[in-house]
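Visitor: sequence and predicted structure below; questions after.
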Amino acid sequence: MSKIPMKVPLVEMDGDEMTRIVWQMIKEMLLEPYVDLKTEYYDLALKKRDETDDQITVEAAEANKKYGVAVKCATITPNQQRVEEYNLKEMWKSPNGTIRSILDGTVFRTPIMVKGIEPLVSSWKKPITIARHAYGDIYKSAEMKVKGRGKAELLFTGEDGTEERATIHEFEGDGILMGMHNTDRSITSFARACFEYAVDNKQDVWFATKDTVSKTYDHHFKDVFADIYENEYKAKFEAAGIEYFYTLIDDVVARIVRSEGGIMWAAKNYDGDVMSDMVASAFGSLAMMTSVLVSPDGCFEYEAAHGTVTRHYYRHLKGEETSTNPMATLFAWTGALKKRGEIDGINELVEFSSKLEDVSIKTIEDGVMTKDLVQLSNLPNKRAVNTEEFLMEIARNMK
Ligand code: NAP
Ligand code: MG
């Protein structure tokens, strides 16, 4: 059988620990037998980042901008303990943070659903995608504790020296204060990324804020979204048969639990932070959560939502058996290959990627799965296998 050819390389960002091992297995066992893989390889392993003073991460992100599509393995974000473990020159920043700031993107997280693992919310039949705005609000704020009586004001000083003021509160006693911000540039690119992704995936978009209370700040988010929708996306949505719907955050929470899913929920930074954990746990497992970063100019970076699974890696190093779920990492690959196929007009690559996703889901639905899923599955004939056996089973089913 001849292998499926590729035209433009996929940007491959390798990573750390257990996911690095799973990465290699996926390539060898499930991709290379079928696809003439063309990748531009960047090794984002912590050791390599340290050797290159983290330039490798910047180069990988630049390549992502150049070629459009990347697939990323989970990577260690160093803390003090890692600085000692790897004898690092510096406590390098999170690669995901670096890539996100270069691509200026929005992160979309979607669960992989399989029969036998039912969402805790019984009405959910289709996946819910959370799009979290990843800039500003309380994550880039100034805070203060104040003592005694006094007046707190918001003050904006324009470049020309003009001042605008608003009273926050006249304190009678001790209290706390916070000032936060967002920018039109960031909100605009968030809105575009959401609408772009929705058109691409043919999903309705629900966006919600607390604009009834925050009549300027949250209301502005609503206005920016409405503007961009009306001027740039309305026709595309109508053509795709999808809807944009704005409502109050309280209302969306109530509606989501009663919905059957299949929606993209666009959320402000804090709402997205909290609600993505709620949605992920209600769907079952972080090991079944995919993640894609989409930039406003249409670049894509696919990855798993989980980390490098350190505990399993240490067991692997001791020669012990591991049962690490490769699904989210595999779906990062299939997502990226599918996107490459769509952009380059290689239908076979799109079909192969979808088939591999279907086969791996079917493998779990036939009862063969990693340990983490065995605990969640209600199938009668389920069987836990190790990391390699699971991938081998998918490979057999692919054949
Ligand atoms: P983690 O790697 O997501 O793992 C936490 C635990 O969740 C694991 O010990 C395991 O539980 C379970 N788990 C996660 N993924 C699994 C999978 N695919 N299959 C089976 N079980 C899975 O999070 P962490 O231990 O907090 O972080 C480890 C490293 O990853 C850190 O250095 C962190 O910086 C990095 N990290 C990277 C990213 C990224 O690159 N996107 C994201 C998050 C964290 P059991 O041990 O109970 O089996
Ligand atoms: Mg969180």
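Guide: Yep, it's here. Ligands and ions are numbered 1, 2, ... in the order given.
Visitor: so which bits of stretch 338-348 are buried?
Guide: By 16 or more other C-beta atoms under 10 Å, the buried positions in stretch 338-348 come out as 338, 339, 340, 341, 344, 346. From N, CA and C alone the C-beta is placed, and that goes for glycine too.
Visitor: list the contacts for the third one?
Guide: Going back to what we said before, that points to residue 340. By C-beta atoms under 8 Å, 6 or more residues apart in numbering, the residues touching residue 340 are 6, 8, 10, 69, 346, 349.
Visitor: so what's the fifth one up against?
Guide: With contact set as C-beta under 8 Å, 6+ apart, residue 346 has these partners: 4, 5, 6, 7, 340.
Visitor: if we go to 7 Å?
Guide: 6, 7 (C-beta atoms under 7 Å, 6 or more residues apart in numbering).
Visitor: give me the pLDDT for it.
Guide: pLDDT recorded at residue 346 is 98.
Visitor: what comes up buried for stretch 251-258?
Guide: Buried residues in stretch 251-258, counted by 16+ other C-beta under 10 Å: 252, 256.
Visitor: and that stretch, what's its mean pLDDT?
Guide: If you average the pLDDT over stretch 251-258, you get 95.
Visitor: hey, C-alpha coordinates of that stretch in PDB?
Guide: Provided in PDB are the C-alpha atoms of stretch 251-258 (Å, rounded to 0.1, in the frame of the first residue of the first chain):
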ATOM      1  CA  ASP A 251     -28.800  32.100  31.900                       C
ATOM      2  CA  VAL A 252     -26.100  30.200  29.900                       C
ATOM      3  CA  VAL A 253     -25.100  28.200  33.000                       C
ATOM      4  CA  ALA A 254     -28.800  27.100  33.400                       C
ATOM      5  CA  ARG A 255     -29.200  26.400  29.700                       C
ATOM      6  CA  ILE A 256     -25.900  24.400  29.400                       C
ATOM      7  CA  VAL A 257     -27.000  21.900  32.000                       C
ATOM      8  CA  ARG A 258     -30.300  21.400  30.200                       C
END
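Visitor: now do that stretch: distance to the chain's middle.
Guide: Centroid separation between stretch 251-258 and its chain, computed with C-alpha atoms, centre = their mean, to the nearest Å, is 22 Å.
Visitor: got the contact list for it?
Guide: With contacts defined as C-beta under 7 Å, 6+ apart, stretch 251-258 is touched by 121, 123, 128, 206, 208, 265.
Visitor: try 10 Å
Guide: Stretch 251-258 is contacted by residues 121-124, 128, 130, 206-209, 245-248, 259, 263, 265-267, 271, 275, 278-279, 282 when judged by C-beta atoms under 10 Å, 6 or more residues apart in numbering.
Visitor: equivalent analysis for stretch 76-84, please.
Guide: Taking C-beta under 10 Å, 6+ apart as the rule, stretch 76-84 contacts 15-17, 19, 44-47, 49-50, 85-86, 88-97, 307-308, 310.
Visitor: with stretch 311-321 instead?
Guide: 16-22, 309, 322-325, 371-372, 385-389.
Visitor: and the nearest residue to residue 350 once chain neighbours are set aside, what are its phi and psi?
Guide: Closest residue to residue 350 apart from its sequence neighbours, by C-beta to C-beta, 6 or more residues apart in numbering: residue 341 at 3.9 Å. Main-chain dihedrals, residue 341, degrees, to the nearest 10: phi -60, psi -40.
Visitor: report whether stretch 359-376 contacts ligand 1.
Guide: Yes - judged by C-beta under 6 Å from any ligand atom, stretch 359-376 and ligand 1 are in contact via 370, 372.
Visitor: contacting residues around residue 296?
Guide: Taking C-beta under 10 Å, 6+ apart, one finds 103-106, 185-186, 188-193, 196 in contact with residue 296.
Visitor: okay if I get the buried residues of stretch 338-348 as CSV plus secondary structure and distance to residue 296?
Guide: Formatted as CSV, these follow (DSSP: H, G, I helix; E, B strand; the rest coil; distance: C-beta to C-beta, whole Å):
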residue, secondary structure, distance to residue 296
338, helix, 21
339, helix, 16
340, helix, 20
341, helix, 23
344, helix, 22
346, coil, 25
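Visitor: and which of those residues is nearest residue 360?
Guide: Proximity of those to residue 360 (C-beta to C-beta) peaks at residue 338, which lies at 13.8 Å.
Visitor: how long is stretch 11-20 end to end?
Guide: 16 Å (C-alpha to C-alpha, to the nearest Å).
Visitor: can you pull the buried residues of it?
Guide: Judged by neighbour count (16+ other C-beta under 10 Å), stretch 11-20 contains these buried residues: 11, 12, 13, 14, 15, 16, 17, 18, 19, 20.
Visitor: does residue 166 count as helix, strand or coil?
Guide: Under the three-state scheme (DSSP: H, G, I helix; E, B strand; the rest coil), residue 166 adopts strand.
Visitor: that one contacts residue 151, correct?
Guide: No - between residue 166 and residue 151 there is no contact under C-beta atoms under 10 Å: 11.3 Å.
Visitor: and residue 66, what does it touch?
Guide: Residues near residue 66 by C-beta under 10 Å, 6+ apart: 8, 9, 11, 40, 299.
Visitor: can you verify it is assigned to a strand?
Guide: No - counting by three-state DSSP, residue 66 is not found in a strand; it is helix.
Visitor: now it: how far from ligand 1?
Guide: 22 Å (C-beta to the nearest ligand atom, to the nearest Å).
Visitor: could you do residue 105 as well?
Guide: Counting by C-beta to the nearest ligand atom - residue 105 and ligand 1 are separated by 14 Å.
Visitor: now residue 70
Guide: 13 Å.
Visitor: that residue: neighbour count?
Guide: Residues near residue 70, counting by other C-beta atoms under 10 Å, number 30.
Visitor: following the helix or strand hosting it, which helix or strand shows up next?
Guide: Here residue 70 is covered by strand 69-72, with elements defined by DSSP states H and E. Downstream of strand 69-72, the next assigned helix or strand under DSSP H and E is helix 80-85.
Visitor: gap between that following helix and the chain center?
Guide: Offset of helix 80-85 from its chain centre (C-alpha atoms, centre = their mean): 26 Å.
Visitor: is any part of that helix close to ligand 1?
Guide: No - using C-beta under 6 Å from any ligand atom, helix 80-85 never reaches ligand 1; the gap is at least 6.5 Å.
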